[in-house]
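> Need a 3D model of the sequence below.
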Amino acid sequence: MQSPQTVVVTYIAATPEQVWSALTDPVQSEQYFFGRRVESDWQVGSPFVLRMDDGRVDSQGVVLLAEPPYRLSVTWRVEWLEAFRELPEVVVTWQVDALGQAVRLTVSETHREPVDEQMLQGGRNGWPMILAGLKTLLETGKPLNVEAPKPPPAPSSGA
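Predicted structure coming up:
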């Protein structure tokens, strides 16, 4: 089994069911996922799409595991930026652990093939902002207004 290359953890004053709803509901995701809407029926083998407000596909994949309200795993391929289209598919997993009046939410990215460190930095920059937005939305009912991180420059192709 491969180890995740990126792991981000946050603690949220919410129930596992509230977190699951926020992860899987398009209206809620739009409020913390840089305006992107998640689309899926969340059944294993079903398509997963992260759609921009203009209708373009940001990222897409397939649902690998859905165990509401505790675990969700999808394949993920970035489509909106040409430099990322050549990257191998990644597996993104959300683990929700109940801790009394709160939950621990862990998001991990596991790459099946080696990926340039410069490209990994995109997830390492983006996931903390996404989780902060999710936490803020669930705890206050209001979105966290932050600008989406800029993607890293494409790695040079040689010489």
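> going forward, measure contacts and count neighbours with C-alpha atoms only.
Fine.
> Residue 97: neighbour count?
If you count neighbours by other Cα atoms under 10 Å, residue 97 ends up with 17.
> Give me the contacts around the host helix or strand of it.
Using DSSP states H and E, residue 97 maps to strand 90-99. Contacts to strand 90-99, defined as Cα atoms under 8 Å, 6 or more residues apart in numbering, come from residues 15-16, 19, 69-77, 103-112.
> With just CA atoms, put it into CSV.
Extracted C-alpha coordinates of strand 90-99, given in CSV (Å, rounded to 0.1, in the frame of the first residue of the first chain):
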residue,chain,number,x,y,z
VAL,A,90,-4.5,10.8,-7.8
VAL,A,91,-6.6,9.2,-5.1
VAL,A,92,-8.2,11.7,-2.7
THR,A,93,-9.6,10.3,0.6
TRP,A,94,-11.6,12.2,3.2
GLN,A,95,-11.7,10.5,6.7
VAL,A,96,-14.1,11.8,9.3
ASP,A,97,-13.6,10.8,12.9
ALA,A,98,-16.1,11.6,15.6
LEU,A,99,-14.6,13.2,18.7
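> before we move on, back to that, so which of the contacts of strand 90-99 belong to helices?
Cross-referencing the contacts of strand 90-99 against helices under DSSP state H gives 16, 19.
> Please pick the buried ones from the contacts of strand 90-99.
15-16, 19, 69-77, 103-111 (16 or more other Cα atoms under 10 Å).
> before we move on, back to that, mind listing the strands the strand holding residue 97 pairs with, and their directions?
strand 71-78 (antiparallel), strand 102-111 (antiparallel) (DSSP bridges).
> longest helix anywhere in this structure?
Under DSSP H, the chain gives helix 117-140 as its longest helix.
> Verify the stated contact: residue 7 with residue 105.
No: using Cα atoms under 8 Å, residue 7 is not in contact with residue 105; the gap is 10.4 Å.
> Extract the CA atoms of the lowest-mean-pLDDT helix or strand in the chain and return them as PDB.
In the chain, no helix or strand scores lower on mean pLDDT, DSSP states H and E than helix 82-85, which sits at a mean of 73. Extracted in PDB, the C-alpha atoms of helix 82-85 (Å, rounded to 0.1, in the frame of the first residue of the first chain):
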ATOM      1  CA  GLU A  82      -3.500  22.100 -19.400                       C
ATOM      2  CA  ALA A  83      -0.200  21.500 -17.400                       C
ATOM      3  CA  PHE A  84      -2.100  19.300 -15.000                       C
ATOM      4  CA  ARG A  85      -3.900  17.100 -17.600                       C
END
